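no FASTA, just this:
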């Protein structure tokens, strides 16, 4: 059986007395694209931060390419991180730099390449995301969708084995969001990357994901293809896929209706 | 009983928070010193290009305001001391008073306060904005160490430029005293200069420069610490920037009391 490229074992994350992740177990295999789904506040972004080593868990392990990133020293972690890419929800482009410098930064920091070679590679990556000719623009001069694409170009600058995407469609109109989803899929095929996407956009999941991990209250509730999950007779999943509000939300709605009458 | 528990509870929480800050600031200082003094010998060089950019921002661009303030303070000290010394016909001692008070105290202190307000706040705002917009996380995911990438260039630039600015402020402050003496006190130029030179000892100037090195460390470390601990959005950046300036100025003055006491007792 294929060895997972990422293996999460009994991951527990607590902030003070609040438990955010409560024993997460997950295996992600090389070359697949997996979407981590769930309601806001269920712990999916926290899980992503731990998958890429941005935070230290309370207990448990995150094994990336056979190495536990929760217990490695900084130099070892740097070596692992060189082959991981991350597309942030807010794009997280460096506002003080041009788009070209943003994409070139990891190459300048981690490779001994000549500046002329770095420029060629930067232009190539920007071309892949449809931003040729925007090298000298500052992030503030770009639209939301262009910023996301520039963030994607920076994330793939080092030809990563694994690409993490945090809410890639958030804040984008449906047309731009669909374009970005297809771009991620194309890049996955071109670079044979493993893709981990955190989202709550079902339309994105349908385009990008081979498998879906559904989170609820700090745990992975179910894992499988989107069709498998949709066909399960679990009330929480049915509520999520049918976009039904919580009981609390319905009670609040009834309270508002009783006060002001129905429109 | 309940009120006693509340009182001890709040004292405990306050102490816990205070020592938490002290511990995290100490850790930041030790990490910064590691990246300045140890890491370069392990093949992780200092980012001199970024340091130079920061030196221009912190030092060169602050030069006009530091000079102006030092000059005005020189004028004020000379006028105030002349007002008292005139009564004894000892106006020549304006040179002594101005030179000693500027070099020992006012140039290092006022330069540090100006730089805390100007550059310390800029450091917090820059790092804080980067944290809010996930740029710090982006650096970490690229395998870049934020102490080496962000904190060291700013700290090193401050450690180099604040003593330089202090030396310049020493000269300009003394010049302020000279201008007042020439304009209003009828003292010969050569006599004023000779009096200044004979009044000053090496330790006066050197003590001021030593103090400025510690002030630089306070401004840079507090600026970076507050920036890295920003929480929330734009409002959080604003709050941390204010806190950074207030804490820096308080610690500069507290450190000044300590060093002045030390120099006073030793020399």
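Nice, thanks for sending it over. Note that the structure is a prediction, hence the values are computed from the model and not measured.

could you pull out the strands for the stretch 151-267 of chain B?
Remark: strands of the stretch 151-267 of chain B are absent; assignment by DSSP state E, counting those that start in this stretch.

Low-confidence ranges, it, go.
The model of the stretch 151-267 of chain B has pLDDT under 70 over residues B:267.

Enumerate the residues of it near chain A.
Counting by CB under 8 Å from any CB of the partner chain, no residue of the stretch 151-267 of chain B lies close to chain A. Every residue, glycine included, has its C-beta placed from N, CA and C.

For whichever residue of the stretch 151-267 of chain B sits closest to chain A, which non-adjacent residue is spatially closest?
At 11.1 Å from chain A, residue B:233 is the closest residue in the stretch 151-267 of chain B, using CB to the nearest CB. Excluding its sequence neighbours, the residue lying closest to residue B:233 (CB to CB, 6 or more residues apart in numbering or on different chains) is residue B:132, at 5.7 Å.

thought that neighbour was touching residue B:234?
Yes - with contact defined as CB atoms under 8 Å, residue B:132 reaches residue B:234; the gap is 7.3 Å.

which one of those two has more residues nearby?
residue B:132 (18 against 11; other CB atoms under 10 Å in any protein chain shown).

all helices for the chain, in order.
This is for chain A. A:44-51, A:74-81, A:99-110, A:115-128, A:144-155, A:174-191, A:202-208, A:226-231, A:235-241, A:247-260 (DSSP state H).

wait, chain B
B:2-33, B:48-58, B:63-85, B:94-101, B:107-115, B:121-132, B:135-141, B:146, B:152-180, B:189-199, B:202-228, B:234-266.

Which residues of the stretch 51-200 of chain A lie near chain B?
Looking at chain B, the residues of the stretch 51-200 of chain A close enough under CB under 8 Å from any CB are A:52-54, A:74, A:77-82, A:84-86, A:88-90, A:92-95, A:105-106, A:109-110, A:154.

so where is the stretch 1-150 of chain B shaky, pLDDT-wise?
Ranges of the stretch 1-150 of chain B meeting pLDDT under 70: none found.

list the contacts for the residue nearest the centre of chain A?
Note on chain A: the residue nearest the mean C-alpha position is residue A:165, at 2.3 Å, using CA atoms, centre = their mean. Residues in contact with residue A:165 (CB atoms under 8 Å, 6 or more residues apart in numbering or on different chains) are A:86-87, A:184, A:195-199.

Likewise for residue A:111?
A:118, A:158.

Can you tell me which residue is spatially central in chain B?
Using CA atoms, centre = their mean, the most central residue of chain B is residue B:112, at 3.0 Å.

Name the nearest residue to residue A:170, sequence neighbours excluded.
Using CB to CB, 6+ apart, the nearest residue to residue A:170 is residue A:89, at 5.4 Å.

I'd say that neighbour and residue A:167 touch.
Yes - using CB under 8 Å, residue A:89 is in contact with residue A:167, at 4.3 Å.

follow-up on the earlier one: how much space separates the residue nearest to the centre of chain A from chain B?
12 Å (CB to the nearest CB, to the nearest Å).

just residue A:227 next, same as before
For residue A:227 relative to chain B (CB to the nearest CB), the value is 32 Å.

follow-up on the earlier one: buried ones among the residues of the stretch 51-200 of chain A next to chain B?
Buried by 16 or more other CB atoms under 10 Å in any protein chain shown: A:52-54, A:77-78, A:80-82, A:84-86, A:88-90, A:92-94, A:105-106, A:110, A:154, out of those.

ok so, going back, for the residue nearest to residue A:170, give its distance to residue B:45.
In this structure, residue A:89 and residue B:45 are 34 Å apart, going by CB to CB, to the nearest Å.
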